[in-house]
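1. got a sequence here, can you build the structure:
(chains A and B)
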Amino acid sequence: MEIKVLGPGCPKCHQTEKVVKEAVAESGVDAKIDKVTNILEIGEYGVFGTPAVVVDGEVKSVGKIPTKAEVLKWIQK
Amino acid sequence: MANVQTVEKDLTREDTAESFEEMQPGLIEWKSIWMPMLFVVGMFLAAFYLPVESKRFTNAVLESLALVKWYAREHVLLCLVPAFFIAGAISCFVSQAAVMRYLGPTANKAVAYGVSSVSGTILAVCSCTVLPIFAGIWKRGAGLGPAIAFLYSGPAVNILAIVLTARILGLPLGIARAVGAVLFSVLIGLLMHYFFRREEEQKVQAAIHMPPVEVERPLWQNVVYFGTMVGLLICATWGKPSEPVGFWNAVYEIKWWLTGAFAVALGIELHVWFRVKTAKVVAAAVVVAALAFSFPQEPLIAFAAGIVALTVLITTTRGEAQEWFLSTWGFTRQITPLLIGGILAAGLLLGQPGTEGIIPSQWVSNLVGGNSLGANFFSAVVGAFMYFATLTEVPILQGLLGSGMGNGPALALLLAGPALSLPNMLVIRSVMGTKKTVVYVSLVVVMSTLCGLIFGHFFPNEP
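-> Residues are numbered from 1 along each chain as shown, chains lettered A, B, ... in the order given. Predicted coordinates:
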C-alpha cells in the first residue's frame, strides 16, 4: 500500500504525517508513507488545499488534519 | 621463557591500544559544534563591543522598549486579540470549498478573477497554503490569470494585515492598501494571462478534489456572526476625533456602550449557534458588566475580562467552538513572536515617530522622503526583495514614516512588500519558471511604483 501525505511543510502537514504514521503502526498494515512537498507535484493531484492524504492514488482528505480513526478506515479495507 | 613471551605480548597490546585510540574518531564532532560555537563567540564579541557609551545606541534601546510598551498598551487587547479571534473564525467556519467552486476549470472567467482577488481574506490566512492553492488554480482550475491574482492578493488582503495597517498607519493607508491590492491583483492577473496566452496548455481532464465543506451553517448566520465581531472590533478601537463635534465624536462618546451591545449580541449568537450553555453566557456577561460599571474609567479591565470569558466559554464547549479556539491560538502563537521581534527591531533601528533610532532620520528622508519617482521605485524594489514576516511590515513602516518617509513610497512598499520576497520568488520560480517569474516581479514593482506616486500625490504627508 502506498500512502502519500501532500503538504509543503506547514505545522498542519507535519501533524497529518504523524497521525498517518501512528495509524499505520497501530494497524500493522504494510504501507509505504511518502511525504510530497513539491508544490507542482501536489498540484498534479488536483487538490485545492493542503494537507491532503492520498492512499493508493486515491485522494482521501483535503485541507484538514484527518483523525486517526479516519486513517485507519482508509487503510483497513 | 613463557614469562618473557607474555610481557612481549602485553607490550604489543598496549601499542595497538594506543594506535587504535588515535585511529578512533575523536569525541569532538566539529560538524555539530561550529554553529553554536560561532553563535556563542559572536554573542561574546557583541557584548564586548556593546556601544553602551554611545548616546545614540542607548537611546535607540530605550526607544524600542517604549515602542513595544506602546503596542502592548494601545493595540494588543483592543485590536490584535479580536483580530486573531476573527481570523481564527474565518479559517474554521468559512467553507473553503464554497469559494473554490468559483475557481475551477469550468468557472466563468470574470467571476474567477473577482473571486480570486478577494478570496485571500478567506483562503490565505495561513501563508503555507497559498502556493499549493496557486498551483492548483493554475494547473487544474481557472488558469494562470486568476492563479496570479490569488497569489498576489492573498497575503495583502488578509484581515489581520488590513486591520493593523488601518489602526497604526492610518485609515487612508489601510484602505489604499486593501483597495490597491485587490485592483492590482486583477490587473496583474489579466496582464500575465495576456503575455502568456499562447502557453496556456489544454487542461488535463482530471478529477478535482475540493476541501470538505466544514460546517453546515447558512450564509446569513456567518455574515451576521462576522458582522458582530467586526463591529465590536471597530467600536472598541474607535479613535478620539481631533475636534469634539460631528458624527465621529458622537460615536466616540458612546463607543463603549456600542461595544457592549455588540458583546451582548455575540453572547446570544454563541448560545444559539454554538450551543454554549445559557448559564455560562449569563455568568460571563454578569462578570464583565460588573467590571465595566465598577471601573468606568478603565474600560480595558472589562474588555480583558470579556476576552478571558470568551476564551473560557469556547474552550469548555465541545465541537466547533473548540476548533475556533484552536485555530485562534494557532495564529496567536505563529504571529506574536514575529511581531514582537519586528517591533523591537523597528524601534531599535528607526525609533518611535518623532525620535531617532540607530539609523539617522536624514538617511531615510533622503532616500524615500517626498514623492519622487526615484523614492517610489526604490521602496517598491526594496519591498519586493525584502522578506517581511507576517504583519511586521506595519511597525517597520511606522518607523520609516516617522523618520520622514513619504506616504507614496510607503504605499509602494506595502503593495510590493508582503506579496513578494527573495525566498518567495525562488519558490514561485520553481513552480512557474524563470520567465514568468521575472515578468510577474517586474509587473508588481512597476505597478507599486505607479500606485505610490498617485497616492502620494493625493495624500501628501502633513508638514
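
2. report the contact partners of A:Glu44.
-> Counting by CB atoms under 8 Å, 6 or more residues apart in numbering or on different chains, A:Glu44 makes contact with B:Lys139. For every residue, glycine as well, the C-beta is placed using N, CA and C.

3. from B:Leu338, how far out is it?
-> 32 Å (CB to CB, to the nearest Å).

4. what count of nearby residues applies to residue 63?
-> All of this is about chain A. Other residues within reach of A:Gly63, judged by other CB atoms under 10 Å in any protein chain shown, total 23.

5. chain B, not that one
-> Should you count by other CB under 10 Å, B:Glu63 turns out to have 22 residues around it.

6. what helix or strand does it sit in?
-> Using DSSP states H and E, B:Glu63 sits in helix B:55-71.

7. quick check: phi and psi at A:Ala52.
-> Here the main-chain torsion angles of A:Ala52 (degrees, to the nearest 10) amount to phi -130, psi 150.

8. now the residue nearest to the spatial centre of chain B, nearest residue through space, not along the chain?
-> With the centre of chain B defined as its mean C-alpha position, the nearest residue by CA atoms, centre = their mean is B:Thr390, 2.8 Å away. Distance criterion CB to CB, 6 or more residues apart in numbering or on different chains; nearest residue to B:Thr390, sequence neighbours excluded, is B:Ile335 at 5.2 Å.

9. the one you found contacts B:Val394, correct?
-> No - no contact is recorded between B:Ile335 and B:Val394 when judged using CB atoms under 8 Å, the distance being 11.5 Å.

10. same drill for the two, tell me which one is more crowded.
-> For B:Ile335 versus B:Val394, the count of surrounding residues by other CB under 10 Å is larger for B:Val394: 29 against 19.

11. checking my notes, the more buried one in a helix, right?
-> Yes - the assignment for B:Val394, made by DSSP: H, G, I helix; E, B strand; the rest coil, places it in a helix.

12. quick check: mean pLDDT of the helix or strand hosting B:Arg177?
-> Take DSSP H and E as the rule and B:Arg177 turns out to sit in helix B:171-195. With pLDDT averaged residue by residue, helix B:171-195 scores 89.

13. what residues does that helix touch?
-> The set of residues external to helix B:171-195 that reach it, using CB under 8 Å, 6+ apart, is B:113-114, B:116-118, B:143-150, B:152-153, B:156-157, B:161-163, B:165-167, B:200, B:407, B:410-411, B:414-415, B:419, B:436, B:439-440, B:443-444, B:447-448, B:451, B:455, B:459.

14. of the residues you listed, keep whichever come out buried.
-> The neighbour count (16 or more other CB atoms under 10 Å in any protein chain shown) marks B:113-114, B:116-118, B:143-150, B:152-153, B:156-157, B:161-163, B:165-167, B:407, B:410-411, B:414-415, B:419, B:436, B:439-440, B:443-444, B:447-448, B:451, B:455, B:459 as buried among the contacts of helix B:171-195.

15. of these, which are in range of chain A?
-> Cross-checking those against chain A (CB under 8 Å from any CB of the partner chain) gives no overlapping residues.

16. what ranges does chain A have for its helices?
-> Secondary structure of chain A (DSSP state H): helices located at A:11-27, A:39-44, A:68-75.

17. mean neighbour count, these: which tops it?
-> With neighbours defined as mean count of other CB atoms under 10 Å in any protein chain shown, those peak in mean count at helix A:39-44, which reaches a mean of 20.

18. report how many residues lie close to B:Val76.
-> 14.

19. phi, psi of it?
-> Backbone phi and psi, for B:Val76 under degrees, to the nearest 10, turn out to be phi -70, psi -50.

20. residues contacting it?
-> B:Val76 makes no contacts at all, as judged by CB under 8 Å, 6+ apart.

21. quick one: it and chain A, what's the gap?
-> B:Val76 sits at a distance of 23 Å from chain A (criterion: CB to the nearest CB, to the nearest Å).

22. residue ranges in chain A under the pLDDT threshold?
-> Low-confidence segments of chain A, defined by pLDDT under 70: A:77.

23. the helix or strand hosting B:Val224 packs against which elements?
-> Using DSSP H and E, B:Val224 sits in helix B:219-236. For helix B:219-236, the elements it packs on are helix B:81-93, helix B:255-274, judged by 3 or more CB pairs under 8 Å, 6 or more residues apart in numbering or on different chains; DSSP states H and E.

24. now with 6 Å, please.
-> For helix B:219-236, the contact count by 3 or more CB pairs under 6 Å, 6 or more residues apart in numbering or on different chains; DSSP states H and E identifies helix B:255-274 as packing neighbours.

25. angle of the helix or strand that comes right after the helix it packs on against helix B:255-274?
-> Following helix B:255-274 in sequence order, the next helix or strand is helix B:278-294 (DSSP H and E). Counting by axes from the mean of the first three to the mean of the last three CA atoms, to 10 degrees, helix B:278-294 points 170 degrees away from the direction of helix B:255-274.

26. contacts for helix B:278-294, please.
-> In this structure, residues lying in contact with helix B:278-294 by CB atoms under 6 Å, 6 or more residues apart in numbering or on different chains are B:267, B:271, B:301-302, B:305-306, B:309, B:313.

27. and those residues, which two are furthest apart?
-> With distances taken as CB to CB, the most widely separated pair in the contacts of helix B:278-294 is B:His271 and B:Ile301, at 24.3 Å.

28. what does chain A put close to chain B?
-> Near chain B, the residues belonging to chain A are A:8, A:10, A:39-40, A:42-43, A:46-50, A:59, A:62-63 when assessed by CB under 6 Å from any CB of the partner chain.

29. what separates the helix holding B:Val224 from the chain centre, distance-wise?
-> Using CA atoms, centre = their mean, to the nearest Å, the mean C-alpha position of helix B:219-236 is found 21 Å from that of the whole chain.

30. which is the next helix or strand following that helix?
-> Tracing the chain C-terminally past helix B:219-236 and defining elements by DSSP H and E, one meets helix B:246-253 next.

31. and that next one, how far out from the chain's middle?
-> 31 Å.

32. what residues sit buried inside that helix?
-> Buried positions in helix B:246-253, judged by neighbour count with 16+ other CB under 10 Å: B:Tyr252.

33. how does chain B divide into domains?
-> According to the domain assignment given by automatic domain parsing, chain B is divided into the following structural domains: B:75-199+B:208-336, B:341-458.

34. same question for the shortest one, mean pLDDT?
-> Translated: domain B:341-458. For domain B:341-458, the mean pLDDT works out to 87.
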